[in-house]
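> next comes the sequence, and after it the predicted model I'd like to discuss.
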Amino acid sequence: MIFDTLEHFEAYQSLHPHFADAMAFLRKLLAENAPDGKHALPGFENEIWVGISSYSPKALEETRMEAHEKYIDIQVMLDGEEYLYVPSEEGLAVLQTYDAEKDCGFYVMPAETAAVRLFMPKGYFTVFFAGELHAPGVAAPTSQTVRKAVIKILK
């Protein structure tokens, strides 16, 4: 997992051959004021896409831990703020087994599970590599509606 500000993203581009392409595509979408929805990078439709969404973060008890096997998540906070939780794998119960078509499995995190809480305001990003558990979309004290981009890159 990586957590940093967007101004430092270039320092991580060497970790994957498509990180730079994906971020350039997101910047292009934002410059074009792209609407919420799924946007695939032309020529890489099944390898790189960006999901832009606006939503109200939820209480931790209402969120689910998730993990992916095929795609890397780069989550970019465009507006607003939220918490993200990154748990240890101990004590997690499977809520929904991994679905290969959706590339996602869901887990329940008991209150006593060790976890890191990240405060993610506008201008920050996280990278969750395949297999890394995370719970996005958790309400922070001043959370209202957030707008976030999730870049998906085939590992």
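Thanks, I have the structure now. Numbering: from 1, shown residues only.

> may I have the beta-bridge partners of the residue most central in space within the chain?
Nearest to the mean C-alpha position of the chain, by C-alpha atoms, centre = their mean, lies residue 75 at 3.5 Å. Going by DSSP bridges, residue 75 is paired in beta bridges with residue 126, residue 150.

> and it, how far from residue 42?
22 Å (C-beta to C-beta, to the nearest Å). C-beta: built from backbone N, CA, C; applies to glycine.

> measure the residue nearest to the centre of the chain to residue 135 for me?
On the measure of C-beta to C-beta, residue 75 and residue 135 end up 11 Å apart.

> list the residues that contact both of these two?
residue 84 (C-beta atoms under 8 Å, 6 or more residues apart in numbering).

> give the contact list for the residue nearest to the centre of the chain.
84, 120, 125-128, 136, 148-151.

> who wins for neighbours among the residues you listed?
residue 151 (27 neighbours; other C-beta atoms under 10 Å).

> need the contact list for it.
Residue 151 makes contact with 22-23, 25-26, 48-50, 73-76, according to C-beta under 8 Å, 6+ apart.

> and it, how close does it get to residue 64?
21 Å.

> by contact count, what packs against whichever helix or strand residue 118 is part of?
Assessed by DSSP states H and E, residue 118 sits inside strand 115-121. Packing partners of strand 115-121 (3 or more C-beta pairs under 8 Å, 6 or more residues apart in numbering; DSSP states H and E): strand 71-79, strand 81-87.

> could you rerun that using 6 Å?
If you count contacts as 3 or more C-beta pairs under 6 Å, 6 or more residues apart in numbering; DSSP states H and E, strand 115-121 packs onto strand 81-87.

> average pLDDT for the strand it packs on, rounded please.
Averaging pLDDT along strand 81-87 gives 95.

> now render the contacts of residue 151 as CSV, adding pLDDT and distance to residue 56.
Output for the contacts of residue 151, formatted as CSV (pLDDT from 0 to 100; distance: C-beta to C-beta, whole Å):
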residue, pLDDT, distance to residue 56
22, 95, 26
23, 95, 26
25, 97, 27
26, 96, 22
48, 97, 28
49, 97, 24
50, 98, 21
73, 97, 20
74, 98, 22
75, 98, 16
76, 98, 18
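
> what's the closest of these to residue 5?
Set against residue 5, the nearest of the contacts of residue 151 by C-beta to C-beta is residue 76 (10.5 Å).
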